[in-house]
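Trainee: what shape does this take:
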Amino acid sequence: MTTQFDNVSVVKKANLYFDGKCVSHTVLFADGTRKTIGVIFPSSLTFNTGAPEVMEINAGKCRIRLKGEEAWNTYEGGQSFNVPGNSSFDIETLETLDYVCHFVAA
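Mentor: Numbering: from 1, shown residues only. Take a look at the predicted model:
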């Protein structure tokens, strides 16, 4: 996991979801890819996905359940998980989560 992204543009307007429980900013890369960098405060939420995503956890701890699965998996800083496109996942943040969401080309 890299500690910084160089030569990027950042969208100034914050992405606010779930009454401010999730706050992120979009980062645009020269090759046309994008990522979001943000925090999710302790809560239980459901996110829908369009494109496949890789959620990289910088700090904090959460439990994840992918759509259609019964089992919950726990992730913390230094780990990541994949989410299929056109799907969803439930997340329970046990500690404030600092994350990077990598959008993967389908």
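
Trainee: when you work out contacts or count neighbours from here on, use the C-alpha atoms and nothing else.
Mentor: Will do.

Trainee: go through the chain and flag its longest strand.
Mentor: strand 88-103 (DSSP state E).

Trainee: packing partners of that one?
Mentor: Packing contacts for strand 88-103, counted by 3 or more C-alpha pairs under 8 Å, 6 or more residues apart in numbering; DSSP states H and E, involve strand 34-40, strand 44-48, strand 53-66.

Trainee: go again using 10 Å as the cut-off
Mentor: strand 22-29, strand 34-40, strand 44-48, strand 53-66, strand 73-76, strand 80-83 (3 or more C-alpha pairs under 10 Å, 6 or more residues apart in numbering; DSSP states H and E).

Trainee: figure out which of the ones you listed is closest to residue 15.
Mentor: Closest of the helices and strands packed on strand 88-103 to residue 15 is strand 22-29, at 5.1 Å (criterion: C-alpha to C-alpha).

Trainee: the closest one versus strand 34-40: what angle between them?
Mentor: Relative orientation of strand 22-29 versus strand 34-40 (axes from the mean of the first three to the mean of the last three C-alpha atoms, to 10 degrees): 160 degrees.

Trainee: strand 22-29 pairs with which strands?
Mentor: Counting by DSSP bridges, the strands paired with strand 22-29 are strand 8-10 (antiparallel), strand 15-17 (antiparallel), strand 34-40 (antiparallel).

Trainee: export those to CSV and append columns for distance to residue 53.
Mentor: As requested, the strands paired with strand 22-29 are arranged in CSV below (distance: least, C-alpha to C-alpha, whole Å):
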stretch, distance to residue 53
strand 8-10, 19
strand 15-17, 17
strand 34-40, 9
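
Trainee: highest average neighbour count across the ones you listed?
Mentor: strand 34-40 (a mean of 20; mean count of other C-alpha atoms under 10 Å).

Trainee: how far does that one sit from the chain's center?
Mentor: 6 Å (C-alpha atoms, centre = their mean, to the nearest Å).
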